[in-house]
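Colleague: Pasting a predicted model and its sequence here:
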Amino acid sequence: MSLPLRFLVVLILGMVTFGTGALANEEPIAFEADDVTVNQEDGSMFAVGNVVLRQGEMELRADEVTYNRQNDKAIARGNVVMITPDGATHRAPLMTLDTQFTHIVAETLRTQYADGSFFTAREADTQIGDVSVFSASRFSPCNCDFENGETPIWDLRASSSTHYAKTQTVVHRNVRMHVLNVPVGYLPYLAHPDWTVRRRSGFLAPSFVFSSNKGVTASMPYYQVIDDTRDIEFTPYKFQSRGTGLKTRFRQLWDKSELDATIYNANVNTYKKNRENVAAINAQFTSVIGDGWQVAANLRRASQDTFARRYGFMDDTKLKSEVVAERIKSDRYYRVEASDVQGLNKADTAEREPTILPRMYYEKIQEGFRPNQQMRTEISAMQLDNDEGYDLARWSSLAEFSEDFLAGPGIANYKIGLSGTYYTLHKKPTEATTRTGDLGQVNPAVSVGWRVPIAVSGDVRSAIIEPQIQLVHVSGPDRTKDVPNRDAADYRLDEANLFLLNRYQGKDYVLPGSRADIGLSAVSEDAILGDVSGFIGISRRLSGKPSAALTPQQDNTYSEYVASVSVDPDGPYFANWSGRMSSHDFTLNESKTKLGGNISKANFTIEHNQLTKAYFTNSTSDREELSATFAVPLTDSWNFGASQIWDLSNKQTVRDKTTASLVWTGGPQDCLTFTVDYSRDPNKDRDIARNDEVKFTLNFKYLGAIAPDTFQKN
């Protein structure tokens, strides 16, 4: 029977024509063709002209198709294209299909998978969902138009390749790697995960580091998947003429918890002796327990001061181990913490490695005794040891009431606070003037203030200007000479603490007396300058003595001027500045300046920080630093970034840490990343020398990062 017309056969007719053997998963076949001849005796069929067969997510297109019902085999000829349920597209001039259309045998097969990866082969025997064998194969994960002759950035050419779909593995034999059609390497055997794998056990790419200080360092990680939520990685290191090391990293994930732990073991040369057995650990654990408690634990420790930095394991000069539990509610806050610090610098001793065991803090905010009154309460307790020679225990509490109300053209406010602290001072440095033993103090404090928001508007700008004044009195005993100041030692006046009752923030430094705080803030929207904000303020001591050892010009009745300004136009640039100036002669005691923005496609930031020598013990000069960062996309695939820090102290310009990076992301083919990283670290410490490093990294898709080869100059 010949049917010289285009028609569609579905469901019943499809099953009658082809039989149940051709129906994978017992789904019907939809069939189209320009002309069909059916042999009623044996059920065979010959279709020609724009033949299309569809079954579920499978589709076959060809110029002609011959189907034999008795052996359940179809032969497609001419521009054969088969799309399988996994999203792969198979092309060949001749293709034989059987076993419910899941078995494909083809010559000069070209297959492209859903992620863009492709296989070509002289001959191929493919079992969908099982084993596929490609002879004289060519494989590449590059997303290129190989059908129209586009060359992949890199590919693998093998005498044979086998894809094991069930184990998600591709195996190549007698394989050559080509980069831009140029052969660059040969391996008799190569196996790698296929395009469906998220992670896989096995050896990762080796790396080689070349350094005049350490010689050649070789390493090759081994990655092991334990189960869906656990894995472990072992990385052995061989340091030329300096010993060996092993890095072990374990990770585990639970529903509400996560563990990431790395252990370093080594037998290497150190500043103490040759071939010292050393170890370090860097582990983090986070969890959510109970009613909203966030728990975080960090364990960071090293058995020797410099080996982790010298051999590139960790860069830190201090290692802090801690356990912190926090709970935040709409009106209250809980925090419990314990910590221990290990110092790795030469000057660090046991007396300079503070331990907190533990610190507990509770804060609650609620409505006070009046409808608009707010009440804030705090309770805390702490045990502190080895903090620059001090050991102490401290218990403290605070109750503070505040309220705003209308008063004339402005808004008046008051604050009333009562703080109490009790100390048990166990130990102090020999030269310290503070005391040991038990002591307590209670300090009432009160403030009244008034501010007047003034709105100004025009055609191109609007602004809100707000002058503010506050009178404060802190009463109670002065214990500043008896109590070691451990939590306000870095105090510097700024706009954030100018109007607080106790501007020193911490519990250890409470200075009785009276003062007046004055400030002026402004916020503006300008058609040219954009969003502009600024502040200037000063404080005048009315009674009591000046603070000791906290600020320069301590004998001055007036504090420093505190000022800041921020300009953020609608355009690509912005600028921020904040600083503190002497009330004597407007000398700039501290300044922080930041400029940034975009020039065309480039992004940049410049920061300058300066702080007077009065804030540093035994300092002979001011501290000054300039830093700059720059990043620009050179093309769609090339990106460049760099950063530089300069030390400007002592009226000199000294180049400090430098980094630069050039990255090629592989372009539209998305199968190769090339990175050049440069870094310069001038810091020295015992057996750690100044370091210049250049690192080259090639990351081949599905093969991993091959050799971050590093060249160093020390």
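Modeller: That came through, no problem.
Colleague: Can you name the element that comes right after the least confident helix or strand in the chain by mean pLDDT?
Modeller: Least confident helix or strand of the chain, by mean pLDDT, DSSP states H and E, is helix 11-18 with a mean of 36. Once the chain leaves helix 11-18, the next helix or strand it forms, by DSSP states H and E, is strand 30-33.
Colleague: Can you name every helix or strand that the following helix or strand past that next one contacts?
Modeller: The helix or strand immediately downstream of strand 30-33 is strand 35-38, counting by DSSP H and E. The contact analysis (3 or more CB pairs under 8 Å, 6 or more residues apart in numbering; DSSP states H and E) places strand 35-38 against strand 2-3, strand 45-55. In this view, the C-beta of every residue, glycine as well, is placed from N, C-alpha and C.
Colleague: and the last one, which residues are buried?
Modeller: Yep, that's strand 45-55 we're talking about. Met45, Phe46, Ala47, Val48, Val51, Val52, Leu53, Arg54, Gln55 (16 or more other CB atoms under 10 Å).
Colleague: That strand pairs with which strands?
Modeller: Sheet pairing of strand 45-55 (DSSP bridges) gives strand 30-33 (antiparallel), strand 35-38 (antiparallel), strand 58-68 (antiparallel).
Colleague: So which of those is nearest Ala296?
Modeller: Checking the strands paired with strand 45-55 against Ala296 by CB to CB gives strand 58-68 as the closest, at 50.6 Å.
Colleague: Average pLDDT for the closest one, rounded please.
Modeller: Per-residue pLDDT values over strand 58-68 give a mean of 88.
Colleague: Residues contacting that strand, please?
Modeller: 18, 22, 24, 33, 42, 44-54, 73-85, 95, 97, 101 (CB atoms under 8 Å, 6 or more residues apart in numbering).
Colleague: give me that answer again for 7 Å
Modeller: Contact with strand 58-68 is made by 18, 44-48, 51-53, 74-85, 101, as judged by CB atoms under 7 Å, 6 or more residues apart in numbering.
Colleague: rewinding a little: adding distance to Ser621, write the helices and strands packed on strand 35-38 out as CSV.
Modeller: Output for those, formatted as CSV (distance: least, CB to CB, whole Å):
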stretch, distance to Ser621
strand 2-3, 98
strand 45-55, 81
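Colleague: Worst mean pLDDT among those?
Modeller: strand 2-3 (a mean of 40).
Colleague: JSON lines for the strands paired with strand 45-55, including distance to Asn699 and mean neighbour count?
Modeller: Shown next, in JSON lines, are these (distance: least, CB to CB, whole Å; neighbours: other CB atoms under 10 Å):
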{"stretch": "strand 30-33", "distance to Asn699": "44", "mean neighbour count": "20"}
{"stretch": "strand 35-38", "distance to Asn699": "52", "mean neighbour count": "18"}
{"stretch": "strand 58-68", "distance to Asn699": "35", "mean neighbour count": "20"}
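Colleague: Just send the ones you listed back as JSON lines, with distance to Arg370 too.
Modeller: Below are the strands paired with strand 45-55 laid out as JSON lines (distance: least, CB to CB, whole Å):
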{"stretch": "strand 30-33", "distance to Arg370": "78"}
{"stretch": "strand 35-38", "distance to Arg370": "91"}
{"stretch": "strand 58-68", "distance to Arg370": "76"}
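Colleague: closest to Ser679 out of those?
Modeller: strand 58-68 (52.9 Å).
Colleague: what pairs with the helix or strand that the closest one is followed by, and is each one parallel or antiparallel?
Modeller: Under the assignment DSSP H and E, the closest C-terminal helix or strand after strand 58-68 is strand 73-83. Partners of strand 73-83 in the sheet, by DSSP bridges, are strand 58-68 (antiparallel), strand 89-98 (antiparallel).
Colleague: In contact with Gly437, which residues?
Modeller: Per CB under 7 Å, 6+ apart, neighbours of Gly437: Leu425.
Colleague: actually Gly641, not the one I wrote
Modeller: Contacts of Gly641 by CB under 7 Å, 6+ apart are Phe630, Ala631, Ser661.
Colleague: so where's the stretch 251-400 of the chain shaky on pLDDT?
Modeller: By pLDDT under 70, the stretch 251-400 of the chain has no low-scoring segment.
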